[in-house]
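1. make a model of this:
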Amino acid sequence: MAGSNGKQKTVRDMILSLGLIGIAAAVIYVFIPHDDSAPDIKTVDYRVELLTARRAASYPVAAPEGLPAGWKATSVRFQADESDAWHLGFQAPGGEYVQIEQSAQKPSEFIDEASQGGEATKQTEEIAGRTWTRYTGGRYDALVYQGDGATTVVAGTGSRAQLTAMAKSLKMA
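-> Prediction:
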């Protein structure tokens with residue numbers, strides 16, 4: 001019988017220890033601040049990269065003009081290699097992502113990469129004097145325009161209206 005009394009104390013001590021640890025964890029959770037809101041995304045200034053791309057690219061480089069309030073430029077890059085790749089990313093109102101991708105690279109490969117696996121639909125749309133083809137089914141929905149020596153892709157998680165608004169705002173120079 002002496003052995004069972006020692007086991008009971010050990011189990012009781014373990015339960016008390018677990019209870020104290022649980023109370024300590026609850027106190028830490030309650031008193032340490034934590035923010036569940038989405039982080040504020042830093043806006044980038046893309047004017048210098050745009051000027052550089054427009055001087056160096058073999059095609060007219062697209063950038064938006066007159067977007068409504070709430071659009072934030074979040075990423076920009078120009079790769080002046082053999083494909084003259086231009087990228088400009090935005091956080092759209094509501095937190096969705098919309099990007100402009102342009103390149104002189106082979107269109108089929110470039111479109112697949114920019115839309116992340118999107119497939120062409122039979123839907124075309126006249127936007128700002130250009131005929132755009134809708135792509136769906138990939139990670140991003142996309143609008144694709146082929147002309148002026150490059151392929152232009154407006155893609156992202158944004159709504160159809162947001163993609164159209166971006167395509168409508170593009171000025172190519």
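
2. neighbours of Ile23, just the number please.
-> 10 (other C-beta atoms under 10 Å). The way it works is simple: take the backbone N, C-alpha and C, and place the C-beta from them, glycine included.

3. Ser17 now?
-> 10.

4. what of Ala120?
-> 16.

5. with Thr124 instead?
-> Thr124: 13 neighbours (other C-beta under 10 Å).

6. can you tell me the helix or strand for Asp36?
-> Using DSSP states H and E, Asp36 maps to neither a helix nor a strand.

7. and the closest residue to Gln91 other than its chain neighbours, how many neighbours does it have?
-> Excluding the flanking residues, the one nearest Gln91 by C-beta to C-beta, 6 or more residues apart in numbering is Lys72, at 4.5 Å. By the measure other C-beta under 10 Å, the count of residues near Lys72 is 15.

8. swap in Ser37?
-> For Ser37, using other C-beta under 10 Å, the count is 5.

9. likewise Ala24?
-> Ala24, neighbours per other C-beta under 10 Å, totals 10.

10. shouldn't it be within a helix?
-> Yes. Checked against DSSP: H, G, I helix; E, B strand; the rest coil, Ala24 lies within a helix.

11. quick one, what contacts it?
-> Going by C-beta atoms under 8 Å, 6 or more residues apart in numbering, Ala24 touches no other residue.

12. any idea how far it is from Ser108?
-> 59 Å (C-beta to C-beta, to the nearest Å).

13. give me the next element, helix or strand, following the strand or helix carrying Leu18.
-> If you go by DSSP H and E, Leu18 is part of helix 2-31. Using DSSP H and E, the helix or strand that follows helix 2-31 towards the C-terminus is helix 47-56.
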